[in-house]
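Trainee: Predicted coordinates and the sequence they were generated for:
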Amino acid sequence: MKIGMIGGGSVAQTLGAALLKAGHDVVIGIRKVTDDELAKPRNFTNTLKDWIAQTGGRVATMAEAAAHGEVVFNVTGGLVSVEALKLAGAQNLAGKVLVDVANPLDFSQGMPPFLPAELSVHTSLGEEIQKAFPAVRVVKAFNTVGAAVMVNPAAIREAHDLFIAGNDAAAKDVVRGIATRDFGWTSIRDLGDIGGARAMEHLLPLWLRQWTLGGNPTINVHIAEG
Ligand SMILES: NC(=O)c1ccc[n+]([C@@H]2O[C@H](COP(=O)([O-])OP(=O)(O)OC[C@H]3O[C@@H](n4cnc5c(N)ncnc54)[C@H](OP(=O)(O)O)[C@@H]3O)[C@@H](O)[C@H]2O)c1
């Protein structure tokens with residue numbers, strides 16, 4: 001499948017590498033494709049120049065990555081996601097499955113980051129993206145685990161869940177397929193329409209608190225039923 005990544009940080013690189021390994025044709029999209037940008041140090045991960053050398057993947061503009069993808073991942077910072085998706089171009093995204101992995105975390109006051117009221121009290125980033133791009137089939141997924149766990153759920157020995165939410169059942173099937181076939185997820189909980197993104201983004205304070213106190217990013221939650 002042709003896959004576009006909007007964003008070139010650690011999540012784009014980790015998902016992109018795993019999807020290339022699974023046989024997909026992946027293009028990472030950033031704002032400006034220059035030698036300096038490709039060589040620029042990026043938080044907690046490789047330069048894109050190294051990523052290209054290691055994976056054989058391609059890097060292009062956000063608009064080119066969106067146009068390339070049959071499925072497109074939003075892997076930008078949550079506070080700038082709508083802006084980034086506008087650069088990717090509504091026309092390049094229309095009708096496509098957009099996997100929204102982003103969390104609207106505000107780091108402006110240091111650690112821990114918080115969910116800003118305008119993107120969390122009566123809404124969520126997933127819902128705001130769906131509103132801003134009505135022709136796009138938004139599926140919130142993968143945002144509740146660290147990048148390494150997204151593509152390797154077996155790193156956690158105990159039972160644990162991946163959550164998905166979105167308005168389009170067929171789009172959710174596409175994401176379910178990627179999660180199970182390409183990454184090995186076995187427990188996927190469908191939280192219904194895109195309103196379920198609210199619950200998924202609200203898991204972040206719990207995840208961050210546990211990570212900060214426990215020091216282990218290889219963690220996730222599991223819904224236990226009686
Ligand atoms: N780290 C994890 O394990 C993890 C887990 C779950 C969810 N998430 C979420 O995944 C998302 C990606 O995280 P990340 O750490 O990989 O990447 P990131 O560093 O948060 O952001 C990556 C991209 O955001 C783009 N960007 C920054 N400012 C922009 C702006 N004003 N307009 C348009 N684009 C802009 C950058 O484009 P340029 O390359 O052009 O600068 C960059 O490629 C975040 O929302 C994060 O909360 C992360």
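Mentor: Sure, I can see it. Residues are numbered from 1 along each chain as shown.
Trainee: CA atoms for contacts and neighbours, from now on please.
Mentor: Fine.
Trainee: for the residue nearest the centre of the chain, what are its contacts?
Mentor: Geometric centre of the chain, nearest residue: V101, 2.2 Å, by C-alpha atoms, centre = their mean. Shown here is V101, whose contacts under the criterion C-alpha atoms under 8 Å, 6 or more residues apart in numbering are 73-75, 140-143.
Trainee: what do you get if the cut-off is 7 Å, keeping everything else the same?
Mentor: Shown here is V101, whose contacts under the criterion C-alpha atoms under 7 Å, 6 or more residues apart in numbering are 74-75, 140-143.
Trainee: excluding its backbone neighbours, what's nearest it?
Mentor: In space, and not counting its chain neighbours, V101 is closest to N143: 4.6 Å by C-alpha to C-alpha, 6 or more residues apart in numbering.
Trainee: Could you report the distance from H24 to the ligand?
Mentor: When C-alpha to the nearest ligand atom, to the nearest Å is applied, the distance between H24 and the ligand equals 19 Å.
Trainee: ugh, wrong one, I meant A90
Mentor: Computed with C-alpha to the nearest ligand atom, the distance linking A90 and the ligand is 14 Å.
Trainee: try L119
Mentor: 13 Å.
Trainee: wait, isn't that residue in contact with L125?
Mentor: Yes - L119 is in contact with L125 according to C-alpha atoms under 7 Å; the separation is 5.7 Å.
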